[in-house]
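Chemist: Fold the stuff below for me.
(chains A and B)
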Amino acid sequence: MTEALHLDNLSKTFPVGKPLFGPPKFTVKAVRPVTLTVETGETLGIVGESGCGKSTLARMLVGLIPPTTGTIRIEGKAFDNADPAAFGKSIQYVFQDPISSLNPRKTIRQIIDAPLKRLHGMGKADRAQRISEIFAAVNLREDFLTRYPHEFSGGQAQRIGIARALAANARILILDEPVSALDVSVQAQVLNLLAKLKREFGLTYLFISHDLAVVEAVSTRVAVLYFGAVVEIGEAEAIFSRPRHPYTRLLADSAPVVGRPLTAPEGRETELPDPLNPPPGCSFAARCPRATDLCRRVEPELTDKGDHQLAACHHPLDP
Amino acid sequence: MRLFLKLLARNRLALAGAIVLSGVILLVLLTPLLPLSAPNVTNTADRFVRPFSPGHLLGTDHLGRDLLSRLLWGTRLSLAVGFSAALIAATIGAAIGIVAGYFGGRTDNLIMRGVDMLMAFPYILLALAIVAALGPGLMNALIAVAAVNVPFFARNIRGITVGIAHKEFVDAAKLSGMGHTRIILSEILPNVLPVIVIAMSTTVGWMILETAGLSFLGLGSQPPQADLGSMLGEARAALISAPHTSVVPGVMILIIVMSINLLGDGVRDALDPRLRSGALSRPMAATLVDRAEVPEKRTDGILSLDDLETQFHVGDRIFRAVNGVSLSVVPGECLGIIGESGSGKSVTALSVMGLVASPPGVITAGAVRYKGRDLIGMRYPALRRLRGDRIAYIFQDPQATLHPLYRVGDQLAEAIRCHHRISKSEAHDRVLELLKSVRIPNPESRARSFPHEMSGGMRQRVGIAMALANDPDVIIADEPTTALDVTVQAQILSLLDDLRRDRGLAIIFITHDFGVVAQLCDRVAVMYAGRIVEQGPTPEILANPAHPYTKRLIACVPELGGGRRELAAIPGLPPSVDDLPPGCAFAPRCRKKQTSCERGEIALKPQNGRAVRCLYPEWRPS
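Modeler: Okay, here's the model as predicted:
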């Protein structure tokens, strides 16, 4: 398999309280050095709770935020967004909030036209042809083209967002919580559409979500993010059923499931570590039942724990 | 556009302003065609002729020039200068504001500090200084007035642009291959244009006054050319002996500025989306009630809803958000209401205590009984005594429900002292007890925290503590864990479960998540398009859903451990509640639909403690 996307030590540090000149007062490490590979044709799921840096990571991949350190390679070529037209053809993004990602003062046709015109320089007749192909692929009626975004429901608007990303003809799509704003009955419509498009056009997905069940249903592999770092990565079928990192297990146990009695998987009332003042060692140690002195001193490395499953833990769970 | 004109026309004062202003503009446009004497020809023999004299309708000034002619030509000039100054200031100011707001960071900082410096001077001094540097003259006065007003536009537009530049559609435009200039022109500008128009319409009058002020001081139009300010200035010496020379231009200034300001306010009100949506109009203290009769009490329980109907009347459209809902809870019971967005579950909850905003909300039928007393149409003071005391709410977003400027301990104490006359120290003790009961660590120090200093999970605990403050009988929780992470959600749910068992609370729990319902609720009501389609004990409904909607909705929920798969979906969309189909609202999406489903009302049929609103249910009790 060839690699579609490779991140090498990618990190992002945000300044806090920055004066006009001089260094900032504090820094927040939103994403700590992450090294990841997404193979062509796979769906890599990324899960994590709010504030774990998953959206920051995704936005760096499409150049909306410049990384602090590290490099990105897209389809073997070094990341280069100096020419927005060339860059947009390689990778595209689908946003979480379908309505606010569409300009309220443009018609749907104007919105879908933009990538065709700017990225591919297509003429008017070609564009109309291509738009009807794309609309057929995402199950939208062509009479929607003359309407404005506020006239659509969330599910329809999200399909328009997907149509816009497809129009760029990129082979890699970053999907940032594409269904979390949608109702469950509509969520499945969009997820199934994404699966169909992937088969038809041979796409590669990076699928970000906080919903473990959704991620499991669509992903080939899953990476679990905690406090800006990958704590575990492995095959989707294995990672939640046989987690090696205690945090992955906590996540899997917390999801409300029909037929499981109500228990708080964590006995203590715990909170995420303070990003302004990160603890030394493992960032999960304060919440972890298996934590030892070693965990509070030394930050664990992401290492292979067998079966293609990598976890950053000194005391991994038994498979 | 048509909506804008309609809204504008509804505002009587703005309409009057528009009519007067267009009259004045029409008059000055026609001035060159009117049979007037030349404005600048002096005739000292006819000085200070009174108004209504033959040949001089408005009299003459100190040089014997015809005042009517000078007034019309002067108004023409004043309006032209005022409007051009506004246009120039708006263009330059908006350009500065958009650039600063769009690029942000250091660009923004440098530009806005420059604008701040300009604003630090009193504007009239600044205008005088500019004219003094450039020399007197109408053109220079125009430049001065425009320059003085640039900061106002720049600041206003920058604020709006910052908000828009961080919207996702701007990011999407970047990824569509657009450059900065194109994004500014095609994405940002159309969205800030209404704000520019609003700012202009409210400042044009002001700019005409400023120009007149400069001319009055002799720094604007130079003799013999007339504008309103210079006419006033020249007439000043004869204010006592020939008052009409001052009154005539003075009245014209008054008319112009008044009409522009009235129209400007109207334009602002019609364009401002917040005003248009009614967000700034004060809702009534309790939801409006307009019901013909009070239904019989049919259900038992500490809180029971009988055939509740809540509608939203917007224009001539009627949205039937809640359409005949009957529910009840007994102490110690948790009733779940599950439904998708727009199914009416939140409006049902808010209707209980008359918290639906009116206008546009109206409760049109039904009753809500708490211990047998009807809450609908109850007098406001009595209703207020019950709100938060006997029946309390927990809302979805604790960030929005807690006041950001008060310490959480003080807010909790206020919630108690609102209903009970107890001393401050007693209230404080009670607050600590409450915080402890919702398992907040270090309650003493946490009581002194502000809401922003707490995490989402901690804030929601405070929200729950506030609901518990007066030991209520019923808690209505509206998606209390939707905004929280799963690990925190599990903690909050187990807390709520313990509380209701320990205190015998009745909980109405609104959610869209079957997993949550399964773990917490004894009974569940499934809502679709404003109606309950199925109701019964949770385990039975989850095991054997009777309504096709319930069955397929459960199938849509992905469960952990299922592996990679195609997920079940329900094609189509829920109907809009202002245009409901006759018969079953789910019929258009239902696989089992028969013609009888679409013919007429389908009743909620009770059977063995369950109830279903379907002619062909998926499951019948044997």
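Chemist: pretty sure A:Thr43 is in contact with A:Thr220, am I right?
Modeler: Yes: if you go by CB atoms under 8 Å, A:Thr43 and A:Thr220 touch, sitting 5.2 Å apart. All C-beta spots, glycine's among them, are computed from the backbone N, C-alpha and C.
Chemist: Same drill for the two, tell me which one is more crowded.
Modeler: Under the neighbour definition other CB atoms under 10 Å in any protein chain shown, A:Thr43 and A:Thr220 were set side by side, and A:Thr43 has more, 24 against 18.
Chemist: Could you list the low-pLDDT ranges of the stretch 201-319 of chain A?
Modeler: A:264-272 (pLDDT under 70).
Chemist: Quick check: what element follows the longest helix seen in chain B along the chain?
Modeler: Counting residues, the longest helix found in chain B (DSSP state H) is helix B:67-103. Using DSSP states H and E, the helix or strand that follows helix B:67-103 in sequence is helix B:105-120.
Chemist: Now do the same contact list for B:Met119.
Modeler: B:Met119 is in contact with B:151, B:155, counting by CB atoms under 8 Å, 6 or more residues apart in numbering or on different chains.
Chemist: how close does it get to B:Arg155?
Modeler: 8 Å (CB to CB, to the nearest Å).
Chemist: Give the burial count for residue 253, as a bare number.
Modeler: Just so you know, I chose chain A. Neighbours around A:Asp253, by other CB under 10 Å: 19.
Chemist: that's the wrong chain, I wanted chain B
Modeler: 19.
Chemist: How many residues are close by the residue in the stretch 151-300 of chain B that chain A sits nearest to?
Modeler: Closest approach between the stretch 151-300 of chain B and chain A, counting by CB to the nearest CB: B:Gly177, at 3.4 Å. Residues contacting B:Gly177 under the criterion other CB under 10 Å number 23.
Chemist: Report the helix or strand with the lowest average pLDDT across chain B.
Modeler: The weakest-scoring helix or strand in chain B, judged by mean pLDDT, DSSP states H and E, is helix B:273-276 (a mean of 59).
Chemist: helix or strand right after that helix?
Modeler: Downstream of helix B:273-276 (by DSSP H and E), the next one is strand B:288-289.
Chemist: The following helix or strand past that following strand packs against which elements?
Modeler: Per DSSP H and E, the first helix or strand lying C-terminal to strand B:288-289 is strand B:303-314. Where contact means 3 or more CB pairs under 8 Å, 6 or more residues apart in numbering or on different chains; DSSP states H and E, strand B:303-314 is packed against strand B:317-329, helix B:345-352, strand B:361-370.
Chemist: Return the most buried member of those.
Modeler: helix B:345-352 (a mean of 24; mean count of other CB atoms under 10 Å in any protein chain shown).
Chemist: pretty sure A:Phe14 belongs to a helix, no?
Modeler: No: the assignment for A:Phe14 is strand, going by DSSP: H, G, I helix; E, B strand; the rest coil, so no helix is present there.
Chemist: what separates it from A:Pro66, distance-wise?
Modeler: 11 Å.
Chemist: what does A:Phe79 give?
Modeler: 10 Å.
Chemist: who's more crowded, the two?
Modeler: Neighbours per residue (other CB under 10 Å) separate A:Phe79 from A:Pro66, with A:Phe79 holding more: 21 against 9.
Chemist: need the contact list for that one.
Modeler: Applying CB under 8 Å, 6+ apart, we find A:Phe79 in contact with A:63, A:71-73.
Chemist: Please check those residues and keep the buried ones.
Modeler: Among these, those classed as buried by 16 or more other CB atoms under 10 Å in any protein chain shown are A:63, A:72.
Chemist: Format the contacts of A:Phe79 as CSV; extra columns: secondary structure and distance to chain B.
Modeler: Below are these laid out as CSV (DSSP: H, G, I helix; E, B strand; the rest coil; distance: CB to the nearest CB, whole Å):
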residue, secondary structure, distance to chain B
A:Gly63, coil, 8
A:Thr71, strand, 20
A:Ile72, strand, 15
A:Arg73, strand, 19
